[in-house]
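Novice: quick one, structure for this:
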Amino acid sequence: MADHCHVCIRDTFSRSGNKSCPILMDAMVYKIDHPEYPKQWVYDKDGIPTCTSFRHYQNRVRSKPEEKKEDPSQILMEV
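Specialist: Just a heads-up that it's a prediction; the model follows:
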């Protein structure tokens with residue numbers, strides 16, 4: 001939710017707005033097997049929870065963050 005709902009045009013509460021997202025609200029109210037649970041909340045092909053209605057408030061769809069690659073010049077410490 002922190003990565004998507006808080007920067008989505010459908011929910012402005014986190015940015016001092018007055019609009020709450022009905023998808024988010026329904027996800028909080030209904031159990032996952034309830035008919036009113038949002039159909040937009042799905043798992044993508046990689047198994048990551050995703051909202052199909054997400055739109056970044058700056059009018060662009062935010063892509064998934066890239067995986068951090070280890071820098072081969074760094075020394076790895078064993079614990």
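Novice: where along this structure do the strands fall?
Specialist: For the chain, strands defined by DSSP state E occupy the ranges 41-43, 49-51.
Novice: export those strands to TSV and tack on mean neighbour count, mean pLDDT and distance to residue 27?
Specialist: C-betas here are computed from N, CA, C, even on glycine. As requested, the strands of the chain are exported to TSV (neighbours: other CB atoms under 10 Å; pLDDT from 0 to 100; distance: least, CB to CB, whole Å):
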stretch	mean neighbour count	mean pLDDT	distance to residue 27
strand 41-43	12	88	6
strand 49-51	15	86	9
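Novice: other SSEs contacting the lowest-mean-pLDDT helix or strand in the chain?
Specialist: Scoring the helices and strands of the chain by mean pLDDT, DSSP states H and E places strand 49-51 at the bottom, with a mean of 86. Here strand 49-51 touches strand 41-43, going by 3 or more CB pairs under 8 Å, 6 or more residues apart in numbering; DSSP states H and E.
Novice: pull up the pairing partners for the strand it packs on, direction included.
Specialist: In the sheet, strand 41-43 lines up against strand 49-51 (antiparallel) (DSSP bridges).
Novice: show me where the protein has its helices.
Specialist: Remark: helices assigned in the chain by DSSP state H are 22-29.
Novice: can you list the weak-confidence ranges in it?
Specialist: Scanning the chain with the threshold set as pLDDT under 70 gives 14-15, 59-69, 76-79.
Novice: ok, residue 49 - contacts?
Specialist: 41-43 (CB atoms under 8 Å, 6 or more residues apart in numbering).
Novice: tell me how far it lies from residue 18.
Specialist: From residue 49 across to residue 18, the span is 26 Å (CB to CB, to the nearest Å).
Novice: do the same with residue 56
Specialist: Using CB to CB, we find residue 56 at a distance of 19 Å from residue 18.
Novice: looking at those two, which has the bigger crowd around it?
Specialist: Of the pair residue 56 and residue 18, residue 56 is the one with more neighbours under other CB atoms under 10 Å, namely 13 against 6.
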